[in-house]
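> I need the structure of the sequence given here:
(one chain, ligands or ions: 2)
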Amino acid sequence: MNSFKGAGGRPGSGEDPKSSSVLNPPDRRPYFWMRPSLWVILILVALVPVAVAWLQYLMFGLPNVPTTPNNLPEVAGTPHGFPVWLRVTHYVNFLFIILLARSGLSILADHPRLYWNVHCRPGSDWIRLTPKVIDPKTACTVNGYWSARDDSRYISPWLALPGFRHTVGLGRHWHFLSALFWVANGLLFVALLLGTGQWRRLVPTSWSILSDAWAVQVHYMTFHLPVEPNGFYRYNALQQLAYFGVVFILAPLQILTGLAMSPAIDNHFKWYGRLFGNRQAARSIHFLGLLGFLGFIMAHVTMVLLTGLARNMNHIVVGTDDLSPRGLILGVFGVGVVVAACALANWVTWRQPRLLQATARVLVQGLTGRFLDPLKPRDQYTREDISPYFWPNGKIPTSAEWTRLAANAFRDYRLLVHGAVVNPVELSLDEIKALGKREQITLHHCIQGWSGIAEWGGVSIARIVELVRPYPEVTRVVFHSFGEGLHSGAYYDTQTLQDALHPQSILAYEMNYEPLGQVYGAPLRLRVENQLGYKMVKWIRSIEFVVSAKPVGLGFGGKNEDDEYYDLVPNI
Ligand SMILES: Nc1nc2c(c(=O)[nH]1)N[C@H]1C(S)=C(S)[C@@H](COP(=O)(O)O)O[C@H]1N2
Ligand SMILES: [Mo]
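Ligands and ions are numbered 1, 2, ... in the order given. Alright, predicted model coming up:
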């Protein structure tokens, strides 16, 4: 049984993820919706080449397949066949592609919609993996509203890493860690490819490759195998084109779109975020890239099977060109190791989630934090940019206290600001408003993948800090919520004093020029624009200045960091 136990002691949820009731009963129905116009395009893209190939075949017969130039032996000293570095990087690549695809699916399932716009309005999605059709209007009624977390889907752990429902925190750790190793391995591969002359095998040097590849394609589509060159020394034209495309187009595209999805990169290098239009478009293209990889892998493996399995396996596994079963046996063993690695990854995820969280902190955030200034101000948007819909998240408070306050339009609300401060205060909403107002229109990024632009009005936290005067040893500010977390216990999160003092860090009581709605965090919510959404506590009950976050909650800096192993430093 998966116990979802963390090394931190208390299990993340105390619940078996398989039977977790945290996110209402997991909906396991597979579901897929795509815009009808896209179906038409997809069918045309798939069918037209097949039809043309058959026409050509029936009218003119099979085209001649010219042999691709064998560039390798002409260069003195260039190794023949597949040298050991090539075979090793090919295998390492296989392992990390699988981990990337599997963890990517867990991330996708947490917000199973894809868009071309940053507003993420339900209905503007072009692909949906959830049967839920959300009316953007009713989604936002006070009770029983549909939150972004409700929208996450169950995905089988056989398929995804770690699978189950709403495991985006852990899925991201795997995805980013795997990406680091995958990219490092890829760079090594390309460097050696260029350095040893092996690139000649992969890189087409004449445009005739296109017509030659088509000739091969006509063979395949009409169920013929052309006479194959010995793949150990040279590829046929289609093969060369496909491998070149995967190595030099698809893989870089995945890296570039992956980076373009990062709110931090978007914030620091605006031009870069625009390369693909916007972050959601990058996410959509990244998904198409995944499909590209899966399609390639299927075709690649099929061809390996069809064109002399034993010999092909000897080429790529042991680097010999014979018919012995050695490569095949070792290859099957190698695939077994990857399958075992996948199982181990799922197991580690539930046994040692804290280890994963800590490793990601050191490797992923350690690396990104080195290059990006976390205090850089976020971009401001204009009134016209405001999203027509803004996904709500979190559980609206149900406590008698908050309900009573809400019933009276929060006239009796008092914000308690206390902790290691010289002058603790209790402030009514009117007193807070009298401290001065700051307005900002910003882009919100949820860890689940959606985004949205809204106007926020409220008081700078710097004003509050001025008022209460924290002691010099204070490093963190805790924001306690009236609302519950997803798992039992009150929601809270912490900010560093530095982030809290950022000019764009405010306690908002206004959203889109109207009093902050109940769903969006009334009476007060946090806006810390250089952080991901989950750091912005809604329905704030009190603020506490502390020396360290360790004694608060489980000590990881916030409810989601405690329970869902979210990033510890989600600077963006
Ligand atoms: N109290 C509380 N605050 C919370 C949450 C929550 O679950 N409880 N969810 C967070 C997350 S994950 C996000 S993305 C934002 C969403 O804010 P919104 O509802 O205005 O979109 O609120 C954050 N604040
Ligand atoms: Mo979020």
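> make it CA atoms for all contacts and neighbour counts henceforth
Noted.
> Just list whatever residues bridge to Ser505.
Assessed by DSSP bridges, Ser505 has beta-bridge partners Val528.
> List the contacts of it.
Under the criterion of C-alpha atoms under 8 Å, 6 or more residues apart in numbering, the neighbours of Ser505 are Ser460, Ile461, Ala462, Asp499, Leu526, Arg527, Val528, Glu529.
> if you set the cut-off to 7 Å instead, what comes out?
Ser505 makes contact with Ser460, Ile461, Arg527, Val528, Glu529, according to C-alpha atoms under 7 Å, 6 or more residues apart in numbering.
> Leu159 now?
Leu159 makes contact with Arg102, according to C-alpha under 7 Å, 6+ apart.
> Am I right that it falls within a helix?
No. Using DSSP: H, G, I helix; E, B strand; the rest coil, the assignment for Leu159 is coil, not a helix.
> Report pLDDT for it.
Looking at Leu159, its pLDDT reads 96.
> how near is it to Ile255?
Leu159 sits at a distance of 22 Å from Ile255 (criterion: C-alpha to C-alpha, to the nearest Å).
> Tell me where the model's unsure across the protein.
Applying pLDDT under 70 to the chain flags residues 1-24, 68-79, 135-144.
> residues in it within reach of ligand 2, list them.
Cys446, Ile447, Gly533, Tyr534 (C-alpha under 5 Å from the ion).
> Next step: the residues you listed restricted to strands.
Counting by DSSP state E, no part of the residues of the chain next to ligand 2 is found in strands.
> can you put the residues you listed in CSV and add distance to Ser399 and neighbour count?
Below are those laid out as CSV (distance: C-alpha to C-alpha, whole Å; neighbours: other C-alpha atoms under 10 Å):
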residue, distance to Ser399, neighbour count
Cys446, 26, 19
Ile447, 27, 21
Gly533, 23, 20
Tyr534, 21, 21
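> Pick the one among those residues closest to Asn312.
Checking those against Asn312 with C-alpha to C-alpha, the nearest one is Ile447 at 42.9 Å.
> what sits against the nearest residue to the closest one once chain neighbours are set aside?
Once flanking residues are discounted, Ile447 sits nearest to Leu532: 6.3 Å by C-alpha to C-alpha, 6 or more residues apart in numbering. Taking C-alpha under 7 Å, 6+ apart as the contact definition, Leu532 lies against His445, Cys446, Ile447, Pro570, Ile572.
> Repeat the analysis, applying 6 Å as the threshold.
Counting by C-alpha atoms under 6 Å, 6 or more residues apart in numbering, Leu532 touches His445, Cys446, Pro570.
> Against Ala148, how distant is the nearest residue to the first one once chain neighbours are set aside?
Spelled out, it's His445. Take His445 and drop its neighbours on the chain: the residue closest to it by C-alpha to C-alpha, 6+ apart is Ser451, 4.7 Å away. Note on Ser451: its distance to Ala148, by C-alpha to C-alpha, is 11 Å.
> Just want to know which of these two has more residues nearby.
When Ser451 and Ala148 are compared for neighbours, Ser451 comes out ahead with 22 against 19, by other C-alpha atoms under 10 Å.
> That one: what's it in contact with?
Ser451 sits next to Val118, His119, His444, His445 when contact means C-alpha under 6 Å, 6+ apart.
> Which among those count as buried?
Listed as buried from those are Val118, His119, His444, His445; burial here means 16 or more other C-alpha atoms under 10 Å.
> Using JSON lines, please lay out the residues you listed together with distance to Leu305.
Converted to JSON lines, those look like this (distance: C-alpha to C-alpha, whole Å):
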{"residue": "Val118", "distance to Leu305": "43"}
{"residue": "His119", "distance to Leu305": "45"}
{"residue": "His444", "distance to Leu305": "48"}
{"residue": "His445", "distance to Leu305": "44"}
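> Can you flag which of these belong to strands?
His444, His445.
> out of the contacts of Leu532, which one sits closest to ligand 2?
Cys446 (3.8 Å; C-alpha to the ion).
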